[in-house]
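> one predicted model, sequence on top.
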Amino acid sequence: MSGLEAIVRNPGEGELHWFFGGGVHRWLATAEQTGGSYLLFEDAMEGGKVTPLHLHPDAEESMFLLDGELLMHLDGAERRVDAGGLVMVPRGMPHAFLVTSQKARILCLLTPGIGQDFYLGASEPYVEGAAHEVDFAKIAQSGRDNGGIEILGPPPFAHLAAARH
């Protein structure tokens, strides 16, 4: 026996955090609960949410799109991902994404489970109805303080914003 306890989460269960990059994380399995094997959370996001160009130096990031549509920027190439699609980003690969639907939900798996301190440092407990603001500076600071991510630059989707005007 590994010494780990079984994890059971029913719909709606799991600790909620407002991520300063936009979105509400529902923690499904923490690194402590998995013996460091992985970190698993659901991310519910609004349309237009965008991430800065970044990489995870020591973990693979897999995103299963439960609902919505994303535009992924993967090492300089862009790919659309629809509900039911999967993206696996190898450690060290520069990437970013943009939510192109009204809403989107992803199941995010980081293997191994390092990087959890970054996400916790870049979020706060979610409070329904409270004002929540996007703050990329807090994300960058958490990366510097906790590791798990390297911010490489602004979101790489400026060409889309220019095309809309």
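It's in.

> low-confidence bits of the protein, can you list those?
1, 160-165 (pLDDT under 70).

> and the longest helix for the chain?
helix 136-146 (DSSP state H).

> could you look up the SS state of residue 118?
Following DSSP: H, G, I helix; E, B strand; the rest coil, we place residue 118 in the helix state.

> pretty sure it contacts residue 149?
Yes. With contact defined as Cβ atoms under 8 Å, residue 118 counts as touching residue 149 (5.2 Å). All C-beta atoms are positioned from the backbone trio N, CA, C, and that covers glycine.

> shared neighbours, those two?
Contact with both residue 118 and residue 149 is made by residues 142-143, according to Cβ atoms under 8 Å, 6 or more residues apart in numbering.

> who's more crowded, those two?
A count of neighbours by other Cβ atoms under 10 Å puts residue 149 above the other of residue 118 and residue 149, at 24 against 21.

> you'd agree the more buried one is up against residue 53?
No. Residue 149 is not in contact with residue 53 according to Cβ under 8 Å; the separation is 11.1 Å.

> helices of the chain, start to end?
Under DSSP H, the chain gives helices at 116-121, 136-146, 158-164.

> run the chain-centre distance for stretch 114-121.
11 Å (Cα atoms, centre = their mean, to the nearest Å).

> do the same with stretch 52-63
For stretch 52-63, the distance to the chain centre is 9 Å (Cα atoms, centre = their mean).

> quickly list what residue 55 is bridged to.
Using DSSP bridges, the bridge partners assigned to residue 55 are residue 150.

> so residue 82 versus residue 143, what's the distance?
Using Cβ to Cβ, to the nearest Å, residue 82 is found at 29 Å from residue 143.
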